[in-house]
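[1] Below are the sequence and a predicted model; questions follow.
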Amino acid sequence: MKVIRFEDEKGRIRLGEAIDDEKARLIEGDLMGSFNVTDTTVGIGGLLAPLDPVNIIAIGLNYRRHAEESGLAIPDEPLIFSKLTSSVTGPRDPIILPTDAPDEVDYEGELAVVIGKTARKVTEAEALDYVHGYTCANDVSARDCQIRRDKQWTRAKSFDTFCPLGPCLVIDPEMDPNILPIRSRLNGRLMQDSNTADMIFSVPKLISYLSHQFTLLPGTVIVTGTPEGVGCARKPPVFLRAGDTITVEIDGIGELINPVKQDGQ
């Protein structure tokens, strides 16, 4: 099932099962608890991020070929950082190049895993039982802040609009998150073309490992790392500019499309 969060034609925020680009069946109840899909069909005024995360936990250097293009060693354990929840934005919403760091903003197409029930010290074998669904993410990053200016990642990864999510939340217990083709296109040009099978730490491994560090609450989003092809690793580098459009696509989930704007436009 593909669940969307959207504004209806009267501007009310709704949850629904997508029928097509224009209509959805309303969902009643708690998406992280008990809910049901009704027979009521409403028009989609505009898509929103499929959820408001309670936490966003992200993983760096989790694809082998991305580590190689970065000239870095394969990590022995997951490299963990966080993104502020205020960085979340939705499909078709603009990524804003921040006034304080507009010049080296990079894209990172990623699979996002949404936790559906409280997870603490779970095993790899049971980890997927705690998954509520999957969506696309773009771990937008200001590389100058990340690499040279701050020398840590919080600001670089957490400017407003730096965590697009969408277009939907796929709830499918049969989906295998470890064999999903993933791509990014900048203005239609293919920039990233990989598969989650290249992950160093699989989704079950990540959930289990993270649950031994922190309690994973329902509504936690785990952003699982990006494959090779990021802009900062290219020669010459390719960074986002006002007027660009960046698309993250994962088979079985859909396309997350965001235009790019300068702050104040």
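    The structure has been received and is ready for your questions.

[2] domains of this structure?
    2-47, 49-262 (automatic domain parsing).

[3] most tightly surrounded among these?
    domain 49-262 (a mean of 19; mean count of other C-beta atoms under 10 Å). For glycine as for every other residue, the C-beta is placed from the backbone atoms N, C-alpha and C.

[4] what's the first-to-last distance across it?
    The first and final residues of domain 49-262 sit 21 Å from each other (C-alpha to C-alpha, to the nearest Å).

[5] now the stretch 151-265 of the chain, which segments are flagged as low pLDDT?
    265 (pLDDT under 70).

[6] mind listing the strands for it?
    For the stretch 151-265 of the chain, applying DSSP state E, counting those that start in this stretch gives strands covering 163-170, 181-186, 189-195, 220-223, 245-250, 254-262.

[7] With the stretch 1-150 of the chain instead?
    With DSSP E, counting those that start in this stretch as the criterion, the stretch 1-150 of the chain has strands spanning 2-7, 13-18, 23-29, 35-43, 46-48, 55-60, 79-82, 88-89, 95-97, 105-106, 109-115, 131-138, 141-142.

[8] can I get those in CSV with mean pLDDT and distance to Cys168?
    Shown next, in CSV, are the strands of the stretch 1-150 of the chain (pLDDT from 0 to 100; distance: least, C-beta to C-beta, whole Å):
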stretch, mean pLDDT, distance to Cys168
strand 2-7, 96, 4
strand 13-18, 95, 6
strand 23-29, 94, 10
strand 35-43, 94, 14
strand 46-48, 95, 8
strand 55-60, 98, 18
strand 79-82, 97, 24
strand 88-89, 98, 15
strand 95-97, 98, 19
strand 105-106, 98, 25
strand 109-115, 98, 11
strand 131-138, 98, 7
strand 141-142, 98, 24
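
[9] Indicate which one of these is closest to Val248.
    strand 109-115 (3.8 Å; C-beta to C-beta).

[10] Using a markdown table, lay out the strands of the stretch 151-265 of the chain together with distance to Ser87.
    A markdown table is the format used below for those (distance: least, C-beta to C-beta, whole Å):
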| stretch | distance to Ser87 |
| --- | --- |
| strand 163-170 | 4 |
| strand 181-186 | 18 |
| strand 189-195 | 20 |
| strand 220-223 | 11 |
| strand 245-250 | 15 |
| strand 254-262 | 13 |
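
[11] And these: which comes nearest Arg234?
    Here strand 189-195 is closest among the strands of the stretch 151-265 of the chain (C-beta to C-beta), at 8.4 Å.

[12] Next, the angle strand 245-250 makes with that closest one.
    20 degrees (axes from the mean of the first three to the mean of the last three C-alpha atoms, to 10 degrees).

[13] Output strand 189-195 as PDB, restricted to C-alpha atoms.
    This file holds the C-alpha atoms of strand 189-195, laid out as PDB (Å, rounded to 0.1, in the frame of the first residue of the first chain):
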ATOM      1  CA  ARG A 189      20.800  13.800 -16.100                       C
ATOM      2  CA  LEU A 190      21.500  10.500 -14.400                       C
ATOM      3  CA  MET A 191      23.900  11.200 -11.500                       C
ATOM      4  CA  GLN A 192      23.400   8.200  -9.200                       C
ATOM      5  CA  ASP A 193      22.500   4.700 -10.400                       C
ATOM      6  CA  SER A 194      22.900   1.900  -7.800                       C
ATOM      7  CA  ASN A 195      21.100  -0.700  -5.700                       C
END
